[in-house]
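S.K.: Structure for the following, please:
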Amino acid sequence: MAEREHVVRMSVEQPLWHALTGYRVLTMVYAVLIFAFGREAYERPWIGVAYLAVMCVWTLATLPKVANAASCTNRFLGADLTVALVGILLTPLADAHAQTVDGPTLPSIWTAGSVLAYAIKGGWRWAGLASSLVAVANLVERGHPSRDTLHNVLLVWVASIAIGYVVEVARASERTLARALEIEAATRERERLARDIHDSVLQILAMVQRRGTAIGGEAAELGRMAGEQEVALRTLVAGGLNRPSLVSEDESQGAVVRVVDVDDADDGSPVDLRLLLAPRAGARVTLSDPGVPVLLPPPAARELAAAVGAALDNVRVHAGEDARAWILVEDWPDEVIVTVRDDGPGIPEGRLAQAEGEGRMGVALSIRGRLRELGGTAELISVPGQGTEVELKVPRGKAGRGR
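M.R.: Numbers count the residues shown, from 1 in each chain. From the prediction side, this is the model:
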């Protein structure tokens, strides 16, 4: 992952470093020509000659330092900016009239190369620091700065910060793209594994189920177990393809999807309810969901899934092992509705009140109690001989208040 991120960063920054290399060479030549044509105006030209000689040697010797982000170290940035600041402050010593005339400094626009290196390396904050130091040096050099001086200082400051911000945005976009490509590659690999499983294990389990049912006796029991394992394996494969389970925002720019297990959701990121309900499906339990993530706060998702589990436990205990159950998940803008229905004998009228009076609080606590804490409701409808239906509703506005 670190290697990939390094490659992505190189793809964003490398053209900028190449441009900076050319800029430093061209501005070096420009500064030398400006001094050569105006040399007679300097009272101490030897100071300018000495400084420009050092600047040229420094520029050519450090070209490899601005070839990429790895070679452009913090120590080099500090030394390079120092060379630029010294050149600005030496200008009044070489030309006593520099403080009264809006002429170029000794390094001229070569100074901007140092500031741009800060922007590309560290973003807009580093660019702001470097351009501020250059601004102070220019104001000190002028003594009584004119409007043109202030204009040039402000232009360098704004331009460097803008370039630094663009670099940060580009880096964040590349990280997002790299993460998306990684998730896509992982999804393709899971799909390939799912195809292999479907073509081998699932087909064999389905065949065992059919042959066992046809033969009868003990073979029928083996067929039933094979069918249950087939459903469980299909659910497992489908659950793997539905990841990532959590959605969060990138710290720097935009949204980024993170692959995190549901059990690790301790930062408040929304959880896909389908992944919590998927293990409940089986040979006699059918799960129907919207096909897209049903996102809820972790406490609400867990409590709702636990309430569904309690309803299924009641189906097994009161409707018998042969009863079938169906789970329907509905995702609405203002609420999430989960309905659990079975084909059991139903609940006789008054039986729930009698159970609560006898101290058996399964429905009252495990189902209604959980929904009440989430700000939702649990409605139970049962007709003798026609099964039971439990409808669980969780309003999105109150879902975050669960345990």
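S.K.: What about the nearest residue to Leu304 once chain neighbours are set aside, how many residues nearby?
M.R.: Once flanking residues are discounted, Leu304 sits nearest to Val394: 5.7 Å by Cβ to Cβ, 6 or more residues apart in numbering. Just so you know, the C-beta spots here come from the backbone N, C-alpha and C atoms, and that holds for glycine as well. Other residues near Val394 come to 27 when the count uses other Cβ atoms under 10 Å.
S.K.: and Val394, that's in a strand?
M.R.: Yes: using DSSP: H, G, I helix; E, B strand; the rest coil, the assignment for Val394 is a strand.
S.K.: Surely it is in contact with Glu373?
M.R.: No: Val394 lies out of contact with Glu373 (Cβ atoms under 8 Å); the separation is 10.4 Å.
S.K.: distance between the helix or strand hosting Leu275 and the chain's centre?
M.R.: Using DSSP states H and E, Leu275 falls within helix 273-277. Centre-to-centre, helix 273-277 and its host chain are 22 Å apart (Cα atoms, centre = their mean, to the nearest Å).
S.K.: tell me what the helix or strand just after it is packed against?
M.R.: Using DSSP H and E, the helix or strand that directly follows helix 273-277 along the chain is strand 285-288. The helices and strands touching strand 285-288, judged by 3 or more Cβ pairs under 8 Å, 6 or more residues apart in numbering; DSSP states H and E, are strand 325-331.
S.K.: residues of the strand it packs on that come out buried?
M.R.: By 16 or more other Cβ atoms under 10 Å, the buried positions in strand 325-331 come out as 325-329, 331.
S.K.: Quick one: the residues you listed as a markdown table, columns for distance to Tyr51 too.
M.R.: Output for those, formatted as a markdown table (distance: Cβ to Cβ, whole Å):
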| residue | distance to Tyr51 |
| --- | --- |
| Ala325 | 86 |
| Trp326 | 84 |
| Ile327 | 79 |
| Leu328 | 80 |
| Val329 | 74 |
| Asp331 | 70 |
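S.K.: Just the helices from the chain, written as ranges.
M.R.: Using DSSP state H, the helices of the chain run over residues 2-37, 45-61, 74-94, 111-122, 124-142, 147-197, 203-215, 218-241, 273-277, 298-314, 351-357, 370-373.
S.K.: closest one to Glu321 among those helices?
M.R.: Closest to Glu321 of these is helix 218-241 (Cβ to Cβ; 10.8 Å).
S.K.: What is the neighbour count of Ala159?
M.R.: 16.
S.K.: shaky segments in the stretch 101-250 of the chain?
M.R.: In the predicted model of the stretch 101-250 of the chain, residues 101-102, 145-146, 148-149, 194-200, 202, 232-250 satisfy pLDDT under 70.
S.K.: Stretch 327-344: end-to-end distance?
M.R.: Start to finish, the residues bounding stretch 327-344 are 15 Å apart (Cα to Cα, to the nearest Å).
S.K.: buried ones in it?
M.R.: Going by neighbour count (16+ other Cβ under 10 Å), the buried part of stretch 327-344 is 327-329, 331, 335-336, 338-344.
S.K.: Adding pLDDT and distance to Pro293, write these out as TSV.
M.R.: Shown next, in TSV, are the buried residues of stretch 327-344 (pLDDT from 0 to 100; distance: Cβ to Cβ, whole Å):
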residue	pLDDT	distance to Pro293
Ile327	94	16
Leu328	94	17
Val329	94	11
Asp331	92	9
Glu335	93	16
Val336	94	12
Val338	95	15
Thr339	95	19
Val340	94	21
Arg341	93	23
Asp342	92	27
Asp343	89	29
Gly344	86	31
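S.K.: Now flag whichever of the residues you listed is closest to Thr176.
M.R.: Using Cβ to Cβ, Asp331 is the member of these that lies nearest Thr176, at 25.9 Å.
S.K.: what's the average pLDDT for the helix holding Leu275?
M.R.: Mean per-residue pLDDT for helix 273-277: 90.
S.K.: same thing with stretch 22-37?
M.R.: 92.
S.K.: any idea how far Val49 is from Pro107?
M.R.: Separation of Val49 from Pro107 (Cβ to Cβ, to the nearest Å) stands at 14 Å.
S.K.: out of those two, which sits in the more crowded spot?
M.R.: Ranked by neighbour count (other Cβ under 10 Å), Val49 and Pro107 place Pro107 first, with 26 against 17.
S.K.: residues in contact with the residue nearest to that one when sequence neighbours are not counted?
M.R.: In this structure, Pro107 finds its nearest non-sequential neighbour in Gly87, 3.7 Å apart by Cβ to Cβ, 6+ apart. Applying Cβ atoms under 8 Å, 6 or more residues apart in numbering to Gly87 gives the contacts 51, 55, 105-107, 110-111.
S.K.: again, only this time at 6 Å
M.R.: Residues in contact with Gly87, defined by Cβ atoms under 6 Å, 6 or more residues apart in numbering, are 51, 106-107.
S.K.: for these, which one is nearest Leu181?
M.R.: Closest approach between these and Leu181, by Cβ to Cβ: Pro107, at 43.2 Å.
S.K.: thinking that closest one is in contact with Ala84, fair?
M.R.: Yes: counting by Cβ atoms under 6 Å, Pro107 touches Ala84, with 5.4 Å between them.
S.K.: so how far is Phe76 from the closest residue to Leu129 other than its chain neighbours?
M.R.: Excluding the flanking residues, the one nearest Leu129 by Cβ to Cβ, 6+ apart is Tyr118, at 7.0 Å. From Tyr118 over to Phe76 the distance is 11 Å, taken as Cβ to Cβ.
S.K.: Between those two, which has more neighbouring residues?
M.R.: Using other Cβ under 10 Å as the criterion, Tyr118 and Phe76 rank with Tyr118 on top: 28 against 15.
S.K.: That one touches Ala127, doesn't it?
M.R.: Yes: Tyr118 lies in contact with Ala127 (Cβ under 6 Å); the separation is 5.2 Å.
S.K.: burial measure for the closest residue to Gln386 other than its chain neighbours, as a count.
M.R.: Spatially, and ignoring its direct neighbours in sequence, Gln386 is nearest to Gly346 (5.7 Å; Cβ to Cβ, 6+ apart). When neighbours are defined as other Cβ under 10 Å, Gly346 has 19 of them.
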